[in-house]
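Q: Structure, please.
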Amino acid sequence: MSRDLKFWSLIGFVSLVAVAGIMAYVALTAPLSGKLRLGADPVNSEPYEMATAIAHVISRTYPHLEIEIVSTGGSSENMNRLTNGDLDLALVQAEVISRQNVSLLAVLYHDLFQLLVRDDSGIETLKDLEGKRIALPPVTSGQYRAFWFLANHYGLAPERIVAIPMNTYQADEAIVNGQVDAIFRVRGPRNSSIRILFGRTDLRFIPIDQGDALHLRQPAYTASFIPKGSYRGDPPTPSEALPTVAVDRLLVARDDVPEEITRAITSVLFEKRRDLALRTPLAALIRQPEIKQGTMLPVHEGALGYYEREKPSFLEEKAEFFALIFSVLVVATSIAVAVTRRFYERQKGRIEDYSIELLDLEKSAKAAETIPELDICKHRLTEILAEAVDDMRHSRINAEGLQLFSFVWESVNYTINDHEEQLRLGPNLAGYSGTTGVTTRPKSGNNRKRQARHSRRKPSTQTAPAGS
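A: Numbering: from 1, shown residues only. Here you go, the predicted model:
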């Protein structure tokens, strides 16, 4: 690869990383945006009022996140429209049959079963409703189903009850005008329409005192009471704490609503509660689901992320354990390093011992004056080599040490062989010149061999003639 090609490849890689970083930054810092449809009960109802407050505060907190309020017939319709994809969010009562693609965001407040009758109706208990006319919420609402569940529990005969589904305004007018004897609603405490009714005609509450038994049949229902004086202080209405049944009003969302959006909505419910309460007092009752005890609906991942924002991570929870493990590892590593260092020092020391012995052996070989003395040095040199190989096999010296040993060993071996050759050739042919008095070392083995052959030749002598 040429230098220019490498340069431009590096430039391209750096540019790609920079673009990816910029895109990630833009994605993370982009304002939260989207358009959602929030289903609530009919206009002017408490759920509709709560939904309007939520949408208003969300739009102020996240200007690019638009919430459209959709007026519906009640919880049952809301749940169906969530399933069909017509709604993204909805307010529903907890007893409404849940769907697989719907998750919980928060518990907004609790609705109370409230059964009101005219003073002149002659109704004193739930059983007295038989043969009477009662105004019920629309069929599509969870309130309608709740009444028939209640009637079934108390053993009322459906055919003996004149049940008339009506909206809130129609039911109010009907009971004021005496067209019905009773009305049934599942609404929050101190409901505004009920409070107005007490100023228009004489009404009474009928107690519903089997809340615990109803809870056994429907876990979403719990025993509760309407506080004394909730609707009027003098004379107090009701005149005493009145037993009844409560069911939670929930804010739910489709599972496919993005987690960042549901987390933002959940944060508004709790962090902007004061702003919500200024628009509807029921916002003060918003609470987190009992996640540890389990919920009727699964909690949406976005909402769960908000609820667990302060929950320590796995590493934080196990910090002491990991600190202990880390300390043990540090100690073990220190010991291993010390042992390893000691081992390498021993290997290094062994190589040094071999090197010293080889150098001493070289001195002895240079000082040898006979071939037998050199044979002793050669024998010891072979033994040292065998010992070094055995040490290598048993990891008493490493490859690097063996390389150094080999270098020194070869040098000593060459010295011994060279000195042996000098001893065998004798001083005159081993590089000593008697005429010049200068000692020289043969340049190669071939030269020495030629000199040896020359020395073995007998010099030819020529006898001078007699008498010459």
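Q: element containing Pro42?
A: Under DSSP states H and E, no helix or strand contains Pro42.
Q: dump the residue contacts of it.
A: Going by CB atoms under 8 Å, 6 or more residues apart in numbering, Pro42 touches Tyr48, Ser71, Thr72, Gly73, Gly74, Pro138, Asn167, Thr168. (Each C-beta comes from the backbone N, C-alpha and C, glycine too.)
Q: The fourth one - that's part of a helix, no?
A: No - counting by DSSP: H, G, I helix; E, B strand; the rest coil, Gly73 is located in no helix; its state is coil.
Q: shouldn't it be in contact with Thr140?
A: Yes - in this structure, Gly73 is within contact of Thr140 by CB atoms under 8 Å, at 3.2 Å.
Q: max-length helix in this structure?
A: For the chain, the longest helix by residue count, based on DSSP state H, is helix 319-367.
Q: I'd like to know which elements it is packed against.
A: Under the contact definition 3 or more CB pairs under 8 Å, 6 or more residues apart in numbering; DSSP states H and E, helix 319-367 sits against helix 371-393, helix 399-425.
Q: need these in JSON lines with mean pLDDT, distance to Val186 and mean neighbour count, can you?
A: What follows is the helices and strands packed on helix 319-367, written out as JSON lines (pLDDT from 0 to 100; distance: least, CB to CB, whole Å; neighbours: other CB atoms under 10 Å):
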{"stretch": "helix 371-393", "mean pLDDT": "85", "distance to Val186": "88", "mean neighbour count": "15"}
{"stretch": "helix 399-425", "mean pLDDT": "84", "distance to Val186": "85", "mean neighbour count": "16"}
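Q: Arg287: which of those is closest?
A: helix 399-425 (70.7 Å; CB to CB).
Q: Give me the domain ranges for the protein.
A: Taking automatic domain parsing as the reference, the chain has its domains at 34-311, 322-451.
Q: Compare those domains and say which comes out lowest on pLDDT.
A: Ranked by mean pLDDT, the domains of the chain bottom out at domain 322-451, which scores a mean of 74.
Q: Pull the distance from it to the chain's centre.
A: With CA atoms, centre = their mean, to the nearest Å as the basis, domain 322-451 stands 61 Å off its chain's centre.
Q: from here on, count from 543
A: Taking 543 as the first residue, the last one we looked at is domain 864-993.
Q: so how far is the lengthiest strand in the chain from its chain's centroid?
A: Counting residues, the longest strand in the chain under DSSP state E turns out to be strand 644-660. Centroid separation for strand 644-660 versus its chain: 35 Å, with CA atoms, centre = their mean.
Q: so how far is stretch 677-689 off the chain centroid?
A: The answer for stretch 677-689 is 43 Å, by CA atoms, centre = their mean.
Q: What residues of that stretch count as buried?
A: Buried residues in stretch 677-689, counted by 16 or more other CB atoms under 10 Å: Ala677, Leu678, Pro679, Pro680, Thr682, Ser683, Gly684, Gln685, Tyr686, Arg687, Ala688, Phe689.
Q: contacts for that stretch?
A: So stretch 677-689 is contacted by 583-584, 614-619, 634-635, 637-638, 655, 705-710, 712-713, 716-717, 722, 724-728, 789 (CB under 8 Å, 6+ apart).
Q: Buried subset of the residues you listed as a PyMOL selection?
A: This is how PyMOL selects the buried members of those, with burial counted by 16+ other CB under 10 Å:
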select buried, resi 583+584+614+615+616+617+618+619+634+635+637+638+655+705+707+708+709+710+713+716+717+722+724+725+726+727+728+789
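Q: re the thing from before, what angle separates the longest helix of the chain from helix 913-935?
A: Counting by axes from the mean of the first three to the mean of the last three CA atoms, to 10 degrees, helix 861-909 points 170 degrees away from the direction of helix 913-935.
Q: and the angle for helix 861-909 with helix 941-967?
A: Helix 861-909 and helix 941-967 meet at an angle of 0 degrees, taking the same axes, to 10 degrees as the criterion.
Q: how about Leu698, what does it touch?
A: Counting by CB under 8 Å, 6+ apart, Leu698 touches Leu668, Lys669, Leu671, Glu672.
Q: so can I have JSON lines of those residues showing distance to Val873?
A: Putting the contacts of Leu698 into JSON lines (distance: CB to CB, whole Å) gives the following:
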{"residue": "Leu668", "distance to Val873": "74"}
{"residue": "Lys669", "distance to Val873": "78"}
{"residue": "Leu671", "distance to Val873": "79"}
{"residue": "Glu672", "distance to Val873": "82"}
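Q: Now for these: which two are most distant?
A: So, these by CB to CB: farthest apart are Leu668 and Glu672, at 9.3 Å.
Q: So between these two, which is more surrounded?
A: Leu668 (20 against 16; other CB atoms under 10 Å).
Q: next one: phi and psi at the more buried one?
A: Torsion angles at Leu668 (phi, psi; degrees, to the nearest 10) stand at phi -60, psi -30.
Q: what's the closest non-adjacent residue to it?
A: Excluding its sequence neighbours, the residue lying closest to Leu668 (CB to CB, 6 or more residues apart in numbering) is Tyr696, at 4.7 Å.
Q: residues in contact with Glu619?
A: Going by CB under 8 Å, 6+ apart, Glu619 touches Gly581, Thr682, Ser683.
Q: same thing with Leu580?
A: Here Leu580 is in contact with Ala593, Ile596, Ala597, Ile609, Glu610, Ile611, Val612, Leu629, Asp630, Leu631, Ala632, Leu633 (criterion: CB under 8 Å, 6+ apart).
Q: Each with direction, which strands does the helix or strand containing it pair with?
A: According to DSSP H and E, Leu580 maps onto strand 576-582. When pairing is defined by DSSP bridges, strand 576-582 lines up against strand 607-613 (parallel), strand 631-635 (parallel).
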